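Asks: predicted coordinates and the sequence they were generated for:
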Amino acid sequence: KQEVTQIPAALSVPEGENLVLNCSFTDSAIYNLQWFRQDPGKGLTSLLLIQSSQREQTSGRLNASLDKSSGRSTLYIAASQPGDSATYLCAVWGYGQNFVFGPGTRLSVLP
Amino acid sequence: NAGVTQTPKFQVLKTGQSMTLQCAQDMNHEYMSWYRQDPGMGLRLIHYSVGAGITDQGEVPNGYNVSRSTTEDFPLRLLSAAPSQTSVYFCASTLPGNEQFFGPGTRLTVL
C-alpha cells in the first residue's frame, strides 16, 4: 500500500528566503505526482504536476523535482512571500491505485 | 468553464438525517472522486468512479453511497448521518494520469 509522508510538518521562515518542502512515497510505481496548495478553509489549488517520466516542472517561483527511484519529490519556493503562507500537499497516483495524499506541510512566511 | 462545482457549501444535519452532496464537472473527465478531510487525518478517499455507471469504494466508504449516471455528475449520499461524518468533503475530477482538479468543498456538521 502506498504511503506518502511530508517533512517538515510545519515551517516558519522570514520573507525572502528560499525554501524546500519534501515529499516521500514508498512505492515507486507511480503515474505522476502532484503538488497542491490549500489556504485555510479553502479547497485545493493545483500547483505542479510531474509525470513519472519527468524529472522536474517549473511554474514561476516554484520548482518541483521528482526522483522516482528513491521515492522523493521536493518543492522549491524561491524568494518566499507572506502570500505563500498555506498548507502544501503532495499526492501520488500509483499503478492500480488512486491518488494518495501526504499529510501536508504548513508554511508560514513572516513579513 | 466552471471546473468542479459542489453544493451546498455548508450544511448542518441532525443525527439520522440523510442528504446528498452534489458534485459536477464540465471538463468531460472520466475519473471523479470524493474525499473527506479531517484535522490530523489528511485527505481520505471515500468513493471514486472511472466512468458513467462505474463506481468503487475508497479507503473510508462506510455510511456513504454514490452513483454515476452521467459523466458530469457524481453525487455523494449520506444514508443516516452520524457525528463522525462531520468533516469537509471535497469532490475531484481528472483524466487518468493527468492533473486532478478539486471543487471548493462542502463543510458538513452533524449534531
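Replies: Thanks, I have the structure now.
Asks: and chain B, which residues reach chain A?
Replies: Contacts of chain B with chain A, taken as Cβ under 8 Å from any Cβ of the partner chain, map to B:33, B:42-43, B:45, B:48, B:58, B:90, B:92, B:96-105. In this view, the C-beta of every residue, glycine as well, is placed from N, C-alpha and C.
Asks: need the buried ones from those selected in PyMOL.
Replies: Here is the PyMOL command that selects only those of those that count as buried (16 or more other Cβ atoms under 10 Å in any protein chain shown):
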select buried, chain B and resi 33+42+43+45+48+58+90+92+100+101+102+103+104+105
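Asks: out of the residues of chain B next to chain A, list just those in strands.
Replies: Within the residues of chain B next to chain A, residues falling in strands by DSSP state E are B:S33, B:G42, B:L43, B:L45, B:Y48, B:F90, B:A92, B:F101, B:F102.
Asks: buried set for stretch A:5-24?
Replies: A:Q6, A:L11, A:V13, A:L19, A:L21, A:C23, A:S24.
Asks: now the terminal residues of it, how far apart.
Replies: End-to-end distance for stretch A:5-24: 5 Å, by Cα to Cα, to the nearest Å.
Asks: cool, stretch A:87-105 as well?
Replies: Stretch A:87-105: ends 5 Å apart by Cα to Cα.
Asks: that stretch near chain B anywhere?
Replies: Yes: Stretch A:87-105 is in contact with chain B by Cβ under 8 Å from any Cβ, via A:L89, A:A91, A:W93, A:N98, A:F99, A:F101, A:G102, A:P103, A:G104.
Asks: and that stretch, how far out from the chain middle?
Replies: 9 Å (Cα atoms, centre = their mean, to the nearest Å).
Asks: any buried residues in it, and which?
Replies: For stretch A:87-105, using 16+ other Cβ under 10 Å, the buried residues are A:87-94, A:98-105.
Asks: out of the residues you listed, which is nearest to B:L76?
Replies: A:N98 (15.6 Å; Cβ to Cβ).
Asks: which ones are touching the closest one?
Replies: B:S33, B:L45, B:Y48, B:G58 (Cβ atoms under 8 Å, 6 or more residues apart in numbering or on different chains).
Asks: cool, B:L111 as well?
Replies: B:V12, B:L13, B:K14, B:T15, B:P83.
Asks: residue numbers of chain A in contact with chain B?
Replies: Within chain A, the positions near chain B by Cβ under 8 Å from any Cβ are A:31-32, A:34, A:36, A:42-46, A:49, A:51, A:89, A:91, A:93, A:98-99, A:101-104.
Asks: filter those down to the ones in strands?
Replies: Counting by DSSP E, those contribute A:31-32, A:34, A:36, A:44-46, A:49, A:51, A:89, A:91, A:93, A:99, A:101 to strands.
Asks: max pairwise distance over those: which two?
Replies: In these, two members sit farther apart than any others by Cβ to Cβ. They are A:Y31 and A:T45, at 20.7 Å.
Asks: more neighbours: the two, which one.
Replies: A:Y31 (16 against 13; other Cβ atoms under 10 Å in any protein chain shown).
Asks: what is the lowest-mean-pLDDT helix or strand in chain A packed up against?
Replies: Of all helical and strand segments in chain A, the minimum by mean pLDDT, DSSP states H and E falls on strand A:99-101, at a mean of 90. Where contact means 3 or more Cβ pairs under 8 Å, 6 or more residues apart in numbering or on different chains; DSSP states H and E, strand A:99-101 is packed against strand A:86-94, strand B:42-51.
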